[in-house]
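J.: Structure of the sequence below:
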Amino acid sequence: MIQPIFLVGARGCGKTTVGVALAQALGRGFVDTDNYLLTTTNMSVADIVAQEGWDGFRARETQALKNVTSPDVVVATGGGMVLAEHNRQFMREQGVVIYLRAPAQILANRLEAFPQEGQRPTLTGKPITDEIVEVLAAREALYRQAAHHVIDASQTPDAVVDAVLAALQIARAS
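T.: Below is the predicted model of the structure:
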């Protein structure tokens, strides 16, 4: 049975990069919930948060998750998708959830190397490394709770894709 694959994890863990490559490897479609929101609302995440607050954004994010879910898709979720218990439950029930886990310093280095201005407002107002450490501390248990598989995302994107494919093979064999 083909199920959607949901990629969860903090900003900078590679959900979009890995998701595109994974979708290609599996011959599936790919969607990023943040990009879906950008396309369907003509507003960036920062714009939505500025106009509707985090609660408004989170409600839109939940609806986006439901709208993009289909059996043959790889979904890169926003880093905070796991904050809502109904989102964690929805993903676990509807498909396979992969947590792309990487240490805070690697995530911070990636975000500093490839900043996406206007894409995601700061959550804490702190420097990126401090923010990532704080966000990971708050969300680590939620990412793990949502996940069927935890993959080391500190590797190259190709190695992460290979690890996800191996985890999916193991899951299919059992």
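
J.: Scan the protein for its longest helix.
T.: Criterion DSSP state H: the longest helix present in the chain is helix 45-68.

J.: Which elements pack onto that helix?
T.: Judged by 3 or more C-beta pairs under 8 Å, 6 or more residues apart in numbering; DSSP states H and E, the packing partners of helix 45-68 are helix 33-41, helix 85-94. Heads up, the C-betas are built off the backbone N, CA and C, glycines and all.

J.: Identify whichever of those helices lies nearest to L26.
T.: Smallest distance to L26 across the helices and strands packed on helix 45-68 (C-beta to C-beta): 16.6 Å, for helix 85-94.

J.: How about residues contacting that closest one?
T.: The contact list for helix 85-94 (C-beta atoms under 8 Å, 6 or more residues apart in numbering) reads 3-4, 6, 8, 61-62, 65-66, 69, 77, 81-82, 97, 142, 145-146, 148.

J.: tilt between it and helix 45-68?
T.: Helix 85-94 and helix 45-68 are oriented at 40 degrees to each other (axes from the mean of the first three to the mean of the last three C-alpha atoms, to 10 degrees).
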